[in-house]
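**Student:** Would you be able to build a 3D model of this:
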Amino acid sequence: MINVQELTNIQVADVFMNDYPDFVDAYIDSAEWKNGQKLTDLELDEINDNHCDFVQDCAYKQKFL
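**Tutor:** Okay, the predicted model is just below:
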């Protein structure tokens, strides 16, 4: 299981205002571990499939903060 608290440089794609506040189309496109290593496609898939609240939170932060 991925600990999302260990991620940095998170980039979210498909953040559309017509999806606000749920951002249902948003997904983590890229991210890095704290040590700078990029996440693999399988790790990104796991986050996008199993951490929907985290993805929505990242989309919100990327759009508004």
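
**Student:** in this protein, which spans are strands?
**Tutor:** Ranges of strands in the chain, per DSSP state E, are 7-13, 27-33.

**Student:** which residues does the residue nearest to the spatial centre of the chain bridge with?
**Tutor:** Centroid-nearest residue in the chain: I28, 3.3 Å away (criterion: C-alpha atoms, centre = their mean). Counting by DSSP bridges, I28 forms beta bridges with V12.

**Student:** and it, what does it touch?
**Tutor:** I10, Q11, V12, A13, L44, I47, N48, V55, C58 (C-beta atoms under 8 Å, 6 or more residues apart in numbering). For glycine as for every other residue, the C-beta is placed from the backbone atoms N, C-alpha and C.

**Student:** tell me the contacts of the nearest residue to D25 once chain neighbours are set aside?
**Tutor:** Using C-beta to C-beta, 6 or more residues apart in numbering and skipping the chain neighbours, the partner closest in space to D25 is D14 (4.2 Å). By C-beta under 8 Å, 6+ apart, the contact list for D14 reads D25, A26, Y27.
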